[in-house]
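>>> Could you look at this predicted model? Sequence included:
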Amino acid sequence: MCYNKYLKCLVFTILICFLNVVSAHSQNKDIPQELYKASGIPDSLKDDANSVVRYNLEEYNVLGPGKEIYTAHTIVTVLNEKGNHEAEISFPYNRKFSAVTAFEMRIYDATGNLIKKYHKSDLYEHVAEGYESLVTDDRVKEIRHTIANYPTTVEMTYEIDQNSLIGLGDWGIQGPEQSIQNSTCKVSIAANSGFRYLNKNTFIKPQVSDEHDKQVYAWTVSNLKAFKLEEGAMAWCVMPRIEFVQDKFEYYGLPGNISTWQTYGNWQQALNADVCNLSPQRVSEIKAMTDTIKTDKGKARFLYKYMQQNMRYVNIKLGVGGLKPFPAQFVDEKKYGDCKALSNYMHALLKAVNINSYYAKINAGENEEPATYSFPIDYSNHIILCVPFKNDTTWLECTSNTMPFGVLGSFTENRNALLITEDGGKLVNTPKSAAQENQFNSEAHIILDPEGGAKTQVKIFSTGEYRELYLAMSARKMDDQKEFLIRNLNIKQPSAFDFKSEKDENGAKEIDLSLEYDQFCDVKAGDKQFYRPSAFLLWSTSVPVLEKRKTNYYWDYPRIKTCSTTIDLPTGFEVETLPANASLKFTYGNYEINYVYNKDKNQVVSTAKFVLNNQVIPAAKYTEMQQYMDGIAKAQNKKLVIRKKA
């Protein structure tokens, strides 16, 4: 028995020593061991932080146009579950032009002991699947460690070999709610390469030195405190980063120059040169289709509708890195394409009837970052089409089969696009929508019963972004429609629900709702009943109180919302208290609601209107906006009180 105890103790002692040796050897000898221990984090770096970058070294070794070796070594301590993404990584790549040549991830507990190790062979590889993807050359290697306890430290080292690049990459210095203890980025590149860098939301400067036949740019930061992104702020407006590019590039074996927007446009123009024509027979057919239309704009409108009705969007990422469109003839025959292919096809349709148009590259997404005029670099992710009619430039979203002719919407409006012209690239602004273009207009009729129940009819007329919203909702299943409408309109939960998708014409979508409530009344007290005096809330968004706003607040789009509500009181009831009228003004909008009691009809009629004229609210106007939103909430919270007649 004593011998067995001794043996167990000996084995346990050897095991502990072995683990300590493994832990010591797994940590880089040039890095202070304190960086692996959570106790070494300065208190000042814990405030508002979900993670702390203890050590970071990123190196870009540029070997020539389109050729680069990127290496990274990071040590990050995760403080809570909001920082869990630090224990996962994804490597998009293409087998022909890029490779993950080395990878290791090590996980340490709070005291710096190694508890888990992952190698390159542990990376999970799969096809990169995008929204509505049909086929793609792109692949992804990825891995994720599940963190069980906090704090946990994650160390990663990896190397990526790239042989196809337009931009060189960027250094994302700091993420939201992340503090930085030590971080360095280096770029090694030939002195005559035309290397350029652009600071975004930071003023740090590099140290520049010569090493062999290259120049080395080194940026270093330390002890950066974490900060929270303010609600409604855009990360690209706030988070510090540095972008890198060199004038000459090579992408999928094709050399190019991005020293100016014009030269980069020349490269894309050459890429598109052999794919923008239709067969002579199809050109004749398209001309015949439009012969009776007198104006060029009328012809363009007809052909846009033709494309919407006959072609469908799918995501295709094949060929030259997803940058070269499939031929117009291919789209014409197959009846599908991605944003590149459909925009190029629309260009070919217009070309067939001698109407000029321009393929346009853009960074799409609500409130996404616009390109910088003085710093040519391509981070576009979408293609649209520009038709420069005289005194009336028209933009076409070619991937949508519902968007009206000449309307872009929040996905691509109010930023800039790179037109690919005969003379190269030209950066121009896309239009900005007005509140009048995004309207939600509604009529509601509520019939109350003596027990507090109600029957409600609601008719909604929507344009612009609201139209797109309700078109998409109309295509869902009934349960999804009900859930969406209850949440989106802030409707009370009905006992019976019926939705009808009505006509969609002249850029306006109509829908009808029939709702029944066993209990629409909020409160009963004796012979009195208290009601919210509307079928739904016209506006339900509020923003937090801030002593001093630092960044602009972004809405998804400007808008106008109206509602006219008629409430039929039950027989034998009358109004005791009518909610007070309200008129609220804000530099970028206004809100009004008025109530009228018609004793002869025993009806309460309210008319409400909400206007938001600007999509972007300057930080200096935030407090005014916050008070405006609070005022709307208070006005809408007023109750209609009815009582039984004496």
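Nice, I can see it. The model shown is predicted, which means the values in this text are computed figures rather than measured ones.
>>> CA atoms for contacts and neighbours, from now on please.
OK.
>>> tell me the phi and psi of Thr541?
phi -90, psi 140 (degrees, to the nearest 10).
>>> Count the neighbours of it for me.
10 (other Cα atoms under 10 Å).
>>> State the distance from the residue nearest the centre of the chain to Asp556.
With distances taken as Cα atoms, centre = their mean, Gly365 lies nearest the centre of the chain, 5.0 Å away. Remark: distance between Gly365 and Asp556 (Cα to Cα, to the nearest Å) = 10 Å.
>>> Could you do Thr456 as well?
The value you get for Thr456 to Asp556, if Cα to Cα is used, is 30 Å.
>>> repeat for Gly253
According to Cα to Cα, Gly253 and Asp556 sit 39 Å apart.
>>> for Gly453, same thing?
With distances taken as Cα to Cα, Gly453 is found 36 Å from Asp556.
>>> Asp291 too?
Distance of Asp291 to Asp556, given as Cα to Cα: 41 Å.
>>> more crowded one of those two?
With neighbours defined as other Cα under 10 Å, Asp291 and Asp556 compare such that Asp556 has more, 16 against 12.
>>> Would you mind confirming that that one makes contact with Asn614?
No. Judged on Cα atoms under 8 Å, Asp556 makes no contact with Asn614 at a distance of 9.9 Å.
>>> Low-confidence bits of this structure, can you list those?
1-29, 128-137, 317-319, 321 (pLDDT under 70).
>>> again, only using 80
1-30, 127-138, 315-321, 646 (pLDDT under 80).
>>> which residues in the stretch 1-150 of the chain form helices?
Ranges of helices within the stretch 1-150 of the chain are 2-26, based on DSSP state H, counting those that start in this stretch.
>>> how about the strands in the stretch 1-150 of the chain?
Applying DSSP state E, counting those that start in this stretch to the stretch 1-150 of the chain gives strands spanning 51-64, 67-78, 88-93, 98-108, 114-119, 124-127, 133-136, 139-144.
>>> Pull up the pairing partners for the last one, direction included.
Sheet partners assigned to strand 139-144 using DSSP bridges are listed as strand 88-93 (antiparallel), strand 124-127 (antiparallel).
>>> relative to strand 98-108, how tilted is the first one?
Translated: strand 88-93. With axes from the mean of the first three to the mean of the last three Cα atoms, to 10 degrees defining the directions, strand 88-93 sits at 170 degrees from strand 98-108.
>>> switch to numbering from 59
Sure, I'll start counting at 59 from here, so that last one is strand 146-151.
>>> Touching strand 146-151 from outside, list them.
Residues from elsewhere that reach strand 146-151 (Cα atoms under 8 Å, 6 or more residues apart in numbering): 157-158, 186, 196-203.
>>> please redo it, this time with the cut-off set to 6 Å
196-202 (Cα atoms under 6 Å, 6 or more residues apart in numbering).
>>> And Ile127, how far from Val158?
Noted for Ile127: a distance of 10 Å to Val158, by Cα to Cα.
>>> list residues touching both of the two?
Shared contacts of Ile127 and Val158, defined by Cα under 6 Å, 6+ apart, comprise Ile218.
>>> all helices of the chain, in order?
Using DSSP state H, the helices of the chain run over residues 60-84, 293-296, 319-330, 338-348, 354-368, 386-392, 397-410, 522-532, 536-547, 680-694.
>>> picking that back up, tell me the buried residues within the contacts of strand 146-151.
For the contacts of strand 146-151, a burial check counting by 16 or more other Cα atoms under 10 Å picks out 196, 198-199, 201-202.
>>> JSON lines please, covering the residues you listed and showing distance to Thr215.
Listed next are the buried ones among the contacts of strand 146-151 as JSON lines, based on distance: Cα to Cα, whole Å:
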{"residue": "Asp196", "distance to Thr215": "23"}
{"residue": "Val198", "distance to Thr215": "18"}
{"residue": "Lys199", "distance to Thr215": "15"}
{"residue": "Ile201", "distance to Thr215": "13"}
{"residue": "Arg202", "distance to Thr215": "15"}
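>>> My read is that Gly482 contacts Gly323, right?
Yes. Using Cα atoms under 6 Å, Gly482 is in contact with Gly323, at 4.3 Å.
>>> Looking at those two, which one has more neighbours?
Neighbour count, other Cα under 10 Å: between Gly482 and Gly323, Gly323 has more, with 26 against 19.
>>> Disregarding flanking residues, what is the spatial nearest neighbour of that one?
Closest residue to Gly323 apart from its sequence neighbours, by Cα to Cα, 6 or more residues apart in numbering: Gly483 at 3.6 Å.
>>> just Ala566 next, same as before
Excluding the flanking residues, the one nearest Ala566 by Cα to Cα, 6+ apart is Thr521, at 4.8 Å.
>>> Start and end of stretch 447-455, how far apart?
In stretch 447-455, first residue to last residue: 16 Å (Cα to Cα).
>>> before we move on, the earlier item: who touches the residue nearest to Ala566 in this structure?
Each residue near Thr521 by Cα under 6 Å, 6+ apart is listed here: 496-497, 566.
>>> Show me those that map onto strands.
497, 566 (DSSP state E).
>>> Which of the contacts of Thr521 are buried? Put it as a PyMOL command.
In PyMOL syntax, the buried subset of the contacts of Thr521 is picked out as below (16+ other Cα under 10 Å):
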select buried, resi 496+497+566
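>>> Out of the contacts of Thr521, which is nearest to Gln551?
Gln497 (25.0 Å; Cα to Cα).
>>> so who does the closest one touch?
Contacts here follow Cα under 6 Å, 6+ apart; on that basis Gln497 touches 520-521, 617-619.
>>> let's see it at 8 Å
Contacts for Gln497 (Cα under 8 Å, 6+ apart) come out as 519-524, 617-619.
>>> How about Asp570?
Here Asp570 is in contact with 515-518, 557-560 (criterion: Cα under 8 Å, 6+ apart).
>>> Weed out the non-buried ones from these.
Neighbour counting over the contacts of Asp570 (16+ other Cα under 10 Å) leaves 515-518, 557 as the buried ones.
>>> Which of those fall within strands?
Assigned to strands by DSSP E, the following of the buried ones among the contacts of Asp570 qualify: 515-518, 557.
>>> Save those as TSV, and put in distance to Gly356 too.
What follows is those, written out as TSV (distance: Cα to Cα, whole Å):
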residue	distance to Gly356
Gln515	39
Val516	36
Lys517	32
Ile518	30
Phe557	35
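>>> Closest to Asn152 out of the residues you listed?
For these, the nearest to Asn152 is Phe557 (46.8 Å; Cα to Cα).
>>> you'd agree that closest one is up against Leu543?
No. With contact defined as Cα under 8 Å, Phe557 and Leu543 do not form a contacting pair (9.5 Å).
>>> okay, and the common contacts of the two?
Joint contacts of Phe557 and Leu543 (Cα under 8 Å, 6+ apart) do not exist.
>>> okay, the strands of the stretch 59-208 of the chain in TSV with distance to Cys397 next?
Formatted as TSV, the strands of the stretch 59-208 of the chain follow (distance: least, Cα to Cα, whole Å):
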stretch	distance to Cys397
strand 109-122	31
strand 125-136	28
strand 146-151	21
strand 156-166	25
strand 172-177	38
strand 182-185	20
strand 191-194	12
strand 197-202	20
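>>> Go through these and name the closest to Phe631.
strand 191-194 (59.6 Å).
>>> next one: stretch 166-174 to chain centre, how far?
Stretch 166-174 sits 36 Å away from the centroid of its parent chain (Cα atoms, centre = their mean, to the nearest Å).
>>> Let's see that stretch as PDB, backbone CA atoms only.
The C-alpha trace of stretch 166-174 is given here as PDB (Å, rounded to 0.1, in the frame of the first residue of the first chain):
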ATOM      1  CA  TYR A 166      -2.600  29.300 -21.500                       C
ATOM      2  CA  ASP A 167      -4.500  29.500 -18.200                       C
ATOM      3  CA  ALA A 168      -4.500  32.600 -15.900                       C
ATOM      4  CA  THR A 169      -1.100  31.700 -14.500                       C
ATOM      5  CA  GLY A 170       0.600  31.200 -17.800                       C
ATOM      6  CA  ASN A 171       0.600  27.400 -17.900                       C
ATOM      7  CA  LEU A 172       0.000  25.800 -21.300                       C
ATOM      8  CA  ILE A 173      -3.300  23.900 -21.500                       C
ATOM      9  CA  LYS A 174      -3.900  23.300 -25.200                       C
END
